[in-house]
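Engineer: using only what follows, build the 3D model:
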Amino acid sequence: MAAFIVRMGPLLVLWQSVFLSGTSAVDRGNFKTCDQSAFCKRQRALKPGQSPYRALLETLELTNTKLTLQLINDNNKVRLLLELYRLQGNMTRVKINELKPLKPRFEVPDVLINDPPTEPLSLLSQDENGVVLSLGADSQWLIVSAKPFRLDIMEGREVLLSLNSRGLLAFEHLRIRKDTQVDPEGAEKKEESDAANEPAEGETANEDGMWEETFKSHTDNKPNGPSSISLDFSLPGVEHVYGIPEHADSLKLKTTDGGDPYRLFNLDVFQYELFNPMALYGAIPVMLSHNAQRTIGIFWLNAAETWVDISSNTAGKTVFGQMLDYVQGSSETPQTDVRWISESGIIDVFIMLGPTPTDVFSQYASLTGTQAFPPLSALAYHQCRWNYNDQEDVAAVDQGFDEHDIPYDFIWLDIEHTDGKRYFTWDPHKFPQPKDMLQGLIDKRRKMVTIVDPHIKVDSSYKIHNEIRSKGFYVKNKDGGDYEGWCWPGNSGYPDFTNPEMRAWWASMFAYDQYEGSMENMYTWNDMNEPSVFNGPEVTMHKDALHGNWENRDLHNLYGLYVQMATAEGLIERSGGVERPFVLTRAFFAGSQRYGAVWTGDNTAEWDHLKISIPMCLSLGLVGVSFCGADVGGFFKSPSTELLVRWYQTGAYQPFFRAHAHLDTPRREPWLFGPENTALIREAVRQRYALLPYWYQLFYHAHYSGQPVMRPLWVEYPQDTATFSMDDQFLLGRDLLVHPVTEEGGRGVTAYLPGKGEVWFDVHTFQKHNGAQNLYIPVTISSIPVFQRGGSIIPRKARVRRSSSCMEHDPYTLFVALSPKRFAQGELYIDDGHTINFDKQKQFIHRRLSFANNALSSRNLAPGSQFITPSWIEKIVILGASKPSKATLKTPDGKENLLEFEFDASMSVLTLRKPGVNAGVDWTVVLQ
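Structural biologist: Residues are numbered from 1 along each chain as shown. Next up, the predicted model:
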């Protein structure tokens, strides 16, 4: 490493001295506050009040697909064009752009999966004050008020949501810079009055930051001048809002009065802090509001730097104050106000009107797509560190898992496996025979992930660099040359992934004959794709860098999405379009769920970082990204053995389950902490493997319906206000409730079991507990509090082997947890685990499992599908059961067989042994 650092030059040495040292927290000085971001400061200076915008009702046009209407700013006479769409599925789209911009403004491509289908708007009434339009369903109206301009969406007499009710619509129009104004020869004079190029009220012609701004040593030139936009939304009756990841914060978003807004701007934030609104690696501009009556989603489709302010009329009130309101009969309705501010682009917002959480998930999925259905093995355990040193090290770690009887599916290689940080290559000394290494993993039915980052070493002997340069595929600087910055290889170029030709070329580099040494069991990790530029402003790309005709400022938050998109496409193409890809990304945007998994970045081996992994992944699940996890054990620093064990226990119940660690940390393979801790980690990992059939089924549903895999309790119990702020426990699907132990030295946890009249069963002891209660659970170091909902059936595989692929044809055990009404329902989903044949050729099994009237049956949910499995039903465990006199298995051929059973009267658990029936056929077990 030392020789490497010497070669990199002083800039990188400085960066690495910071990066590789034991600093305890983020250097906030590297990242802007709102006050240091000129457009945020300008917009935030605008206070709620009378809006200068007025709707010109005489310009209204209504067609089958949309309403258009001009707005005018009475201060500067600039006109905007409003477009309103009623979309299928109970959604409304609002677009606002300049009527006649000096040049086109950026509109986000490639995020929506299609042009959202519309439904007709009908005009109900119109006068000089505004218009009333019908939104079709459930007496929903859209009211456009003219002066000042305002939109209200109503249901009956109830206002669901208002736009510009606080007068914070602000649209900085493109203009000619006065001090450099030159009339281009033959240019047409603009029709608007010169007022359009005059400063708006409250700003001066050369206000600081409008045409250029400096942060630290970096100057951002703005050839287009000020171009920011802002709009406020009011949500009456709402006290809880969620989403807008990525932030290391609680699930329920906090109010931002008196502090910075939440920031959405993809950044490489070294050792991020918890519980603040700073930007992190990804940005999904989607917020959900929820109360006991309704869930609403707001999707702000803008890829520029964005800030989100949240205020509430109930925030900060003490419990006493709220009681006083109640006693005095205070009529103030709770309300949350949200303001979105973006640096450039247009206003393009989708309002998803629910009304249920499930409806909002479906509505958002109809716009941006669903979670990619991963290979089953990707849902198993992943072992990673920066870095496994060489082929011998990989073989030794692989052997260590077998010797200690701990299953795993993927081993990962970080940047040191390459030849001098040249991606798509191997270090010729450390990894001279990569195919031999990969074949050794294939022989054990295991896989590998290698890292491929989007910064390319500027080196004329490097094929990848030469091809990108010769094709003109690099991002350009403002002067038209290739944009270069510092990253792991030293001086690097950044491919322009916004260019579809560049993405197609990148995808082709994953072909087996291009990526030498790669094989079918090797998958990909895209890191540093914010993009990270060590010597750039805020450790990222200059905003005036050019992607074709557009500045990075317009589309910054899309870069990571495009990198993952191109990489996933490469893995699909290399298999001839047959195999499902697996790609992990650090940076992301709306729509990233279509391409793979994300993780929460470079966390730290501290208890609070373990705790925050839960709300961080819950927030991502609410906005489409189900495949989320955190580095088990923490990336920076070294965990205590207790923290490491607790992190494995928590990670085993989160969607993406990977241990990862920094180069400078001591090795921490699971067997290095003494036999007792090895046993505890082994048990946590084995619990994950036994539950893989259920995980796989949840991801199948996420892929088809957009429902999150890991979800807050309020999603399933939307009227239970006790659940609205909970983020230390969660549900997997509907049927498993998990409350990990995340306190150091914890001797007990209090889990809230929701559902009045429901029951929950401890999955380890089968103890039954009533719903709608706070249950105190004494814990030891081996405890992972998990409960199965009464009324559910969950499939497991009890024979845990060294990898998930080794368990492919193993039998199933069904855990039937009876409701108080002695009913239960569940599913079983089976396919080949890795190809897209489930979709293209309908090769899968999908069964409905039902228990009612003392009979358990399996019926086909997908009559059009075809798949044959050798797996069979090995055991059925019924919780909350009564003792039968006999149990009979009935199969479609008319045969009836008596089954052996055991009954534990103390726990009311009935175990039926070896039904022996194939998992893919109809059958019924009758209890008498």
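
Engineer: quick one, phi/psi of Asn845?
Structural biologist: Careful, residue 845 is Ile and not Asn. Ile845 adopts backbone torsions of phi -120, psi 130, taken as degrees, to the nearest 10.

Engineer: that one and Tyr829 touch, don't they?
Structural biologist: Yes: counting by Cβ atoms under 8 Å, Tyr829 is a contact partner of Ile845 at 7.0 Å. (C-beta placed from N, C-alpha, C; glycine too.)

Engineer: for the stretch 201-350 of the chain, just list every one of the helices.
Structural biologist: 319-327 (DSSP state H, counting those that start in this stretch).

Engineer: do the stretch 451-600 of the chain as well
Structural biologist: Using DSSP H, counting those that start in this stretch, helices in the stretch 451-600 of the chain cover 463-471, 500-508, 552-555, 559-574.

Engineer: show me where the stretch 601-750 of the chain has strands.
Structural biologist: 628-629, 631-632, 657-659, 710-711, 730-732, 736-738, 748-753 (DSSP state E, counting those that start in this stretch).

Engineer: neighbouring strands - and their directions - for the second one?
Structural biologist: This means strand 631-632. strand 657-659 (parallel) (DSSP bridges).

Engineer: check the offset of the strand it pairs with from the chain's centre.
Structural biologist: 17 Å (Cα atoms, centre = their mean, to the nearest Å).

Engineer: do the same with stretch 898-909
Structural biologist: Worked out by Cα atoms, centre = their mean, stretch 898-909 lies 43 Å from the chain centre.

Engineer: endpoints of it, how far apart?
Structural biologist: One end of stretch 898-909 to the other measures 19 Å (Cα to Cα, to the nearest Å).

Engineer: follow-up on the earlier one: output the helices of the stretch 451-600 of the chain in CSV; the columns should cover mean neighbour count, mean pLDDT and distance to Glu392.
Structural biologist: Formatted as CSV, the helices of the stretch 451-600 of the chain follow (neighbours: other Cβ atoms under 10 Å; pLDDT from 0 to 100; distance: least, Cβ to Cβ, whole Å):
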stretch, mean neighbour count, mean pLDDT, distance to Glu392
helix 463-471, 15, 98, 27
helix 500-508, 17, 99, 32
helix 552-555, 24, 98, 43
helix 559-574, 24, 99, 27
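
Engineer: quick one: which of these is nearest Arg166?
Structural biologist: The closest of the helices of the stretch 451-600 of the chain to Arg166 is helix 552-555. By Cβ to Cβ, the value is 26.6 Å.

Engineer: alpha carbons only: can I get that closest one in PDB?
Structural biologist: Output in PDB follows, covering the C-alpha atoms of helix 552-555 (Å, rounded to 0.1, in the frame of the first residue of the first chain):
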ATOM      1  CA  ASN A 552     -24.100  17.600 -14.200                       C
ATOM      2  CA  ARG A 553     -26.100  20.100 -12.100                       C
ATOM      3  CA  ASP A 554     -29.300  19.000 -14.000                       C
ATOM      4  CA  LEU A 555     -29.000  15.300 -13.600                       C
END
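
Engineer: ok so, going back, of the helices of the stretch 451-600 of the chain, which approaches Gly629 most closely?
Structural biologist: The nearest among those, by Cβ to Cβ, is helix 559-574 at 15.6 Å.

Engineer: angle of the closest one against helix 500-508?
Structural biologist: Put simply, helix 559-574 runs at 50 degrees to helix 500-508, going by axes from the mean of the first three to the mean of the last three Cα atoms, to 10 degrees.

Engineer: distance of Thr68 from Thr214?
Structural biologist: For Thr68, the distance to Thr214 (Cβ to Cβ, to the nearest Å) stands at 40 Å.
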